[in-house]
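In: coords please:
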Amino acid sequence: MTAPVSPEQIEALFTRSDGSFVCARWGRPVVPIVFGVEDRTLMTLKGAIEAVVVLADHKMAETDPELGANLMMFFCRDWEELLGVPDLDRLIDGLAPLVQKLSESGANQYRVFRFDQAGAIRACFVFLRMDAELSQLPAATLALGQAAQSILLWSDRAFTESSPLGLLDGQAVLKPEIAAVIRAAYDPVLPAVAHDPSHALRIYARMQAQ
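Out: Alright, predicted model coming up:
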């Protein structure tokens, strides 16, 4: 995707494959927890999450009063491993069928969002199967990409053909247009959730004001 210079390009980032439009941001501070990685990688992951949260001018916290942690990232070598995670089936409805679906499709990542009564993001569960493709990525690149895709409810098609990341002096960074959309979507004058495509016009306007 080139730098979005029109509301239509922004609208496409939040228009799902069924044609519906929805843009939602976090309605509470982000509290991350990561499973299945070494301590060194853990620090890289949390650092990337914090960087994206700061970019959005949102907040992080030590604990979530409802869930303890509300951004949960699970790393595994095989999807079947998720079935052995204690109490995960209580957090994810239909975990067994989901694992079967992911295994059959050959997917290497999947995200599940939960929302509060107003429709803002309440929790996000990120599942990553470290296949050959993901294993080749530097930890910082993988972390930044997942953080970017978890900070907003993007379309299921938003990044299928183009990563939210680019390279600057050999280092992975958020593409400027994606960073600008994130900042604008978190502008306090905008609602936390919107289902009308005209919301893209409002994000566009905030981007011009940045």
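
In: For the helix of greatest length in the chain, C-alpha coordinates in CSV please.
Out: Counting residues, the longest helix found in the chain (DSSP state H) is helix 39-55. Extracted in CSV, the C-alpha atoms of helix 39-55 (Å, rounded to 0.1, in the frame of the first residue of the first chain):
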residue,chain,number,x,y,z
ASP,A,39,13.3,-13.8,28.6
ARG,A,40,15.4,-11.9,26.0
THR,A,41,12.7,-12.2,23.4
LEU,A,42,10.1,-11.3,26.0
MET,A,43,11.7,-7.9,26.5
THR,A,44,11.8,-7.2,22.8
LEU,A,45,8.2,-8.0,22.4
LYS,A,46,7.1,-5.9,25.3
GLY,A,47,9.3,-3.1,24.1
ALA,A,48,7.6,-3.2,20.7
ILE,A,49,4.1,-3.2,22.2
GLU,A,50,5.0,-0.2,24.4
ALA,A,51,6.4,1.7,21.4
VAL,A,52,3.2,1.3,19.5
VAL,A,53,1.0,2.2,22.5
VAL,A,54,3.1,5.3,23.0
LEU,A,55,2.7,6.1,19.3
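
In: list the buried ones in that helix?
Out: 41-42, 44-46, 48-49, 51-53, 55 (16 or more other CB atoms under 10 Å). All C-beta atoms are positioned from the backbone trio N, CA, C, and that covers glycine.

In: Quick check: mean pLDDT of that helix?
Out: Across helix 39-55, the average pLDDT comes to 92.

In: Need the nearest residue in space to Ala143, chain neighbours excluded.
Out: Among residues not flanking Ala143 along the chain, Ala48 sits closest, at 3.6 Å (CB to CB, 6 or more residues apart in numbering).

In: residue contacts, the one you found?
Out: Residues in contact with Ala48 (CB atoms under 8 Å, 6 or more residues apart in numbering) are 140, 143-144, 146-147.

In: Out of those, which is nearest to Lys59?
Out: Ala147 (14.7 Å; CB to CB).

In: What about the closest one, how many residues nearby?
Out: If you count neighbours by other CB atoms under 10 Å, Ala147 ends up with 26.

In: that older thread, I'd like the buried residues of helix 39-55 as a markdown table, with distance to Gln9 appended.
Out: Putting the buried residues of helix 39-55 into a markdown table (distance: CB to CB, whole Å) gives the following:
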| residue | distance to Gln9 |
| --- | --- |
| Thr41 | 34 |
| Leu42 | 35 |
| Thr44 | 31 |
| Leu45 | 30 |
| Lys46 | 31 |
| Ala48 | 25 |
| Ile49 | 26 |
| Ala51 | 24 |
| Val52 | 21 |
| Val53 | 24 |
| Leu55 | 20 |
